[in-house]
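Give me a 3D structure for the following:
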Amino acid sequence: MDLNADIEKILFTEQQISQRVSELGSQITRDFKSGTAAPVIVGVATGAFLFLADLVREIHLLIAVDFVRAESYGSGTVSNGQPTISFGLKVDVRGKHVILVEDIVDTGHTLSCLIEYMKTKGASSVSVCTLLDKPARRKVDFKPFGEGKYYCGFECPDYFVVGYGLDFAELYRNLPYVGILKPEIYMS
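Take a look at the predicted model:
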């Protein structure tokens, strides 16, 4: 089975992603260089795993890394609007700066939920670093917490996209690029 055959169009190539991840890592390094404590980079599983792995190698600071799992899609293509955290933090974030790493910010429900979760865990501030931002689908406004910042790789048009960690029914994550999935694949 050829994964590429299910892709209607490539939106962001492997080279574009690599370049942008490098830029984001450099920006985060500059922004946190003078900090007294190592930031905690928290990947939102499972979609952000490739982005997180590449991003942390571009951040030239002492950092801690952890994951949370927040679910709002199941095997569908539309967020249910009620994310749940099914796997929490192992690292203590009390008094620390957290950088949430997301694959895509869509409705904003999951991100809003995760920012609140980090507040309850005592984070001093929360930044967000997302590979893709899809503002056309936003339903909930969210704001980084405290001294937090918002880092965005690319603005994504309102298509169902897969690749570079993003999935449809847990498939297509291993594509090296981000592409539009043919509608007949997810509408059947």
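
going forward, measure contacts and count neighbours with C-alpha atoms only.
Will do.

Can you dump the C-alpha atoms of stretch 150-164 in CSV for me?
The C-alpha trace of stretch 150-164 is given here as CSV (Å, rounded to 0.1, in the frame of the first residue of the first chain):
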residue,chain,number,x,y,z
TYR,A,150,3.0,31.5,21.2
TYR,A,151,5.2,29.9,18.5
CYS,A,152,3.7,28.7,15.3
GLY,A,153,5.3,26.8,12.5
PHE,A,154,2.8,27.3,9.7
GLU,A,155,-0.8,28.6,9.3
CYS,A,156,-2.8,25.7,7.9
PRO,A,157,-5.7,26.1,5.5
ASP,A,158,-9.0,24.4,6.5
TYR,A,159,-8.3,20.9,5.1
PHE,A,160,-7.9,17.6,6.8
VAL,A,161,-4.2,17.1,6.9
VAL,A,162,-1.9,14.1,7.8
GLY,A,163,1.8,13.4,8.0
TYR,A,164,4.7,14.4,10.2
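
Okay, buried residues for that stretch please.
Tyr151, Cys152, Gly153, Phe154, Cys156, Phe160, Val161, Val162, Gly163, Tyr164 (16 or more other CA atoms under 10 Å).

What about those residues, which are in strands?
Tyr151, Cys152, Gly153, Phe154, Val161, Val162 (DSSP state E).

how about the fourth one, what does it touch?
Contacts were defined as CA atoms under 8 Å, 6 or more residues apart in numbering; by that measure Phe154 touches Leu131, Leu132, Asp133.

6 Å instead?
Contacts here follow CA atoms under 6 Å, 6 or more residues apart in numbering; on that basis Phe154 touches Leu132.

The second one too?
With contact taken as CA under 6 Å, 6+ apart, Cys152 is in contact with Cys129, Thr130, Leu131.

For the chain, which segments are assigned as helices?
Using DSSP state H, the helices of the chain run over residues 14-32, 49-56, 109-120, 183-186.

how about TSV for those, with mean neighbour count added?
Output for the helices of the chain, formatted as TSV (neighbours: other CA atoms under 10 Å):
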stretch	mean neighbour count
helix 14-32	16
helix 49-56	20
helix 109-120	19
helix 183-186	11
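
now these as a markdown table including mean pLDDT and distance to Asn174?
Converted to a markdown table, the helices of the chain look like this (pLDDT from 0 to 100; distance: least, CA to CA, whole Å):
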| stretch | mean pLDDT | distance to Asn174 |
| --- | --- | --- |
| helix 14-32 | 97 | 12 |
| helix 49-56 | 98 | 9 |
| helix 109-120 | 94 | 23 |
| helix 183-186 | 92 | 17 |
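
Name all residues that make contact with Asp133.
Counted by CA under 6 Å, 6+ apart, Asp133 has contacts Ile104, Val105, Glu155, Cys156.
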